[in-house]
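*Asks:* Could you look at this predicted model? Sequence included:
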Amino acid sequence: MNESHIFLEKNWQTALQTAITDPQELFQLLDLDEKLLPAAYAAAKHFPLKVPRSLITRIQKRNINDPILRQILPLGSETKEQEGYSKDPLQEKKFNVIPGLLHKYHGRLLLTLAGICGINCRYCFRRDFPYAENNPGTTGWNKALEYIANNPSITEVILSGGDPLIVNDHLLVELGQKLSKITHLKRLRIHSRMPIILPERITPEFIHWCSTSRFKMILVNHCNHSQELNENVAHAMQSLVKAGVTVLNQTVLLKGVNDNAQTLIELSENLFAANILPYYLHMLDKVQGAAHFDVKQEVAQDLHWQITQQLPGFLVPKLVCEYPGAPAKLSVEHLTLFTG
Ligand SMILES: *Cc1c(COP(=O)(O)O)cnc(C)c1O
Ligand code: SF4
């Protein structure tokens with residue numbers, strides 16, 4: 001048996017409950033310079049540290065520039081207010097027709113199942129989103145289901161969050177049953193970071209649900225660097241593909257994590273080797289506290305052009321950004337249509 005299996009928790013829920021939340025513990029486990037600890041505490045006060053224990057084995061000790069560490073380590077620079085950055089960069093509150101439901105684009109909408117995630121990514125555009133006010137609960141589901149049932153143009157529901165796979169399989173099955181009664185729905189999509197950070201989340205029950213659902217199922221993973229992939233992730237993806245799920249990936253372009261062509265090329269290659277197709281490469285959403293991750297638009301376009309020249313077309317993710325009020329995610333070339 002592969003060594004990495006030793007670190008697999010029997011139960012993904014236990015893994016979540018025992019996640020690391022104390023900066024000091026993270027510093028000790030990874031042997032990091034304690035000089036950065038007070039700033040880590042200050043930043044974690046605003047947006048807590050949260051990282052599943054098993055992910056630590058994918059991080060290099062004593063390396064402050066480790067690409068996974070950079071995504072989870074609270075830093076002093078988060079606490080500095082930055083001009084041009086806001087708390088709700090996508091102005092999502094405006095599109096919240098019904099709590100838990102976000103209908104911005106034609107034919108598809110987001111249903112936010114949970115306000116929390118299995119990991120707290122420091123660059124997250126939802127770090128300031130008012131989840132408490134936006135938690136659908138079971139009554140919210142009924143309203144959301146009613147809205148979908150009354151809108152025949154909607155053919156795809158996207159389960160999102162927070163992280164939708166933080167809810168248990170029983171709840172997913174129950175929601176899936178309700179959705180499957182709405183005859184104009186064709187596809188059910190899940191946007192989740194869980195299968196990458198805790199591949200044991202892809203339980204036999206989940207696989208069974210995917211393979212028996214009447215929907216075309218799509219999983220959009222969220223992986224930013226090859227180092228996040230391992231054998232357990234590959235196993236999970238293989239079972240999903242066997243169950244008929246289309247498996248994609250979205251990446252956020254992040255300074256100091258993946259902002260060079262070689263890293264992005266390796267990511268695409270390794271995703272494909274693990275049965276995952278690159279879908280989107282997102283520009284950072286300008287949320288307060290994440291400015292140190294920003295990659296300038298010219299640099300992003302140049303990187304994208306470099307990888308386009310070195311990869312087959314199907315391994316090149318679309319470089320996109322979100323623009324409030326736009327009818328779709330904009331490929332960066334289309335941005336000028338909206339900004340003039
Ligand atoms: C990203 C997103 C979608 C999905 O967009 P696709 O381009 O279909 O992947 C749908 N609704 C909202 C609100 C989104 O932010
Ligand atoms: S998993 Fe996604 S939604 Fe959750 S904190 Fe990370 S980036 Fe944000």
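*Replies:* Ah, there it is. Residues are numbered from 1 along each chain as shown. Ligands and ions are numbered 1, 2, ... in the order given.

*Asks:* Validate this expectation: residue 116 resides in a strand.
*Replies:* No: applying DSSP: H, G, I helix; E, B strand; the rest coil, one finds residue 116 to be coil, outside a strand.

*Asks:* Identify the residue nearest it in space, chain neighbours excluded?
*Replies:* Spatial nearest neighbour of residue 116, excluding adjacent residues (C-beta to C-beta, 6 or more residues apart in numbering): residue 162 at 5.1 Å. Bear in mind the C-beta positions are built from the backbone N, C-alpha and C, glycine included.

*Asks:* Could you do residue 261 as well?
*Replies:* Going by C-beta to C-beta, 6+ apart, residue 261 has residue 306 as its nearest residue, at 4.1 Å.

*Asks:* And residue 234, by the same measure?
*Replies:* residue 274 is the one closest to residue 234 (C-beta to C-beta, 6+ apart), at 4.3 Å.

*Asks:* ok, now how distant is the residue of the stretch 1-150 of the chain found nearest ligand 1 from ligand 2?
*Replies:* Relative to ligand 1, the nearest point of the stretch 1-150 of the chain is residue 104 (4.0 Å; C-beta to the nearest ligand atom). Computed with C-beta to the nearest ligand atom, to the nearest Å, the distance linking residue 104 and ligand 2 is 17 Å.

*Asks:* helix or strand for that residue, which one?
*Replies:* strand 101-105 (DSSP states H and E).

*Asks:* Restricting to C-alpha, output that strand in CSV.
*Replies:* Provided in CSV are the C-alpha atoms of strand 101-105 (Å, rounded to 0.1, in the frame of the first residue of the first chain):
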residue,chain,number,x,y,z
LEU,A,101,-29.6,31.4,-4.6
LEU,A,102,-27.5,33.4,-7.1
HIS,A,103,-29.0,33.8,-10.5
LYS,A,104,-26.7,35.9,-12.7
TYR,A,105,-26.2,34.0,-15.9
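
*Asks:* what residues does that strand touch?
*Replies:* With contact meaning C-beta atoms under 8 Å, 6 or more residues apart in numbering, strand 101-105 is reached by 92, 95-97, 109-112, 136, 140, 143-144, 147, 151, 154, 160, 327-328.
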